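*Asks:* return a 3D structure for these sequence lines:
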Amino acid sequence: MFKVLSGGLRLFKMSAKQKFEVLFILGGPGAGKGTLCRYITKKYGYVHLSAGDLLREERMKPNSKYGELIENYIKDGKIVPVAITCSLLDNAMQTSNSPHKRFLIDGFPRNQDNVDGWNEAMSEKCVIKGVLFCECSKEVCTQRCLNRGAAGSGRSDDNEEVLVKRHETYITNTLPIIEYYEKQNFVYKVNSMQSPDKVFEDAKEVLSKIGWL
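*Replies:* The predicted structure is shown next:
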């Protein structure tokens, strides 16, 4: 079964016993979220879903009705409407062949509207196990993104002009979300300015605490 949201987006409905387990991975642009998720996926097989990657993939589809809208939001360093992001995440989880039903959602939620939209559309289907917060300075984040862009990442937002907007969006909108989840004792912090191997070692302690090891 499914319900139809505004714009024709479809979200599947699941029974309570089939709920997916979700760990949100948050941090600034370039904080190492994707790298950490790849380490975890390689070791344990949990599914890594990057909200940004899903949006970029949708943007590239020639028949996507949301492609231009997504591109404009990304170029402006803004947050894409939550109904679109939730629909893409929902579809990715529903079509996953992973036996674990455990998902690392990277780069989401990014503002209060994301949280509200997720709670409305996904709370019956998912259990949030926690938020893994990658702490990293703005300077290190920026340099990583610029290096990534210089290496040919193909991302339209890996440049200085857009990075300024992305950092502003992160400070204004995403940091309050960390505080929101901290009040629920859901936040686990790792120092992501360390080497990827060290960050992964620290993250394994978080996975143990939430019952994933």
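
*Asks:* so how far is Leu69 from the residue nearest to Gly45 when sequence neighbours are not counted?
*Replies:* Closest residue in space to Gly45, ignoring its immediate chain neighbours: His100 at 6.0 Å, by C-beta to C-beta, 6 or more residues apart in numbering. All C-beta spots, glycine's among them, are computed from the backbone N, C-alpha and C. Note on His100: its distance to Leu69, by C-beta to C-beta, to the nearest Å, is 33 Å.

*Asks:* what comes into contact with the lengthiest strand in the chain?
*Replies:* As assigned by DSSP state E, the longest strand anywhere in the chain is strand 126-135. Applying C-beta atoms under 8 Å, 6 or more residues apart in numbering, the contact partners of strand 126-135 are 19-28, 31-33, 36, 93, 103, 178, 181, 186-193, 199, 203, 206, 209-212.

*Asks:* tell me which helix or strand Glu161 sits in.
*Replies:* helix 160-169 (DSSP states H and E).

*Asks:* for Glu71, give me its contacts.
*Replies:* Here Glu71 is in contact with 59, 156 (C-beta under 8 Å, 6+ apart).

*Asks:* name the residues of the helix or strand that contains it that are buried.
*Replies:* Following DSSP H and E, the helix or strand that holds Glu71 is helix 67-75. Of the residues in helix 67-75, 70-71, 73-74 count as buried by neighbour count, 16 or more other C-beta atoms under 10 Å.
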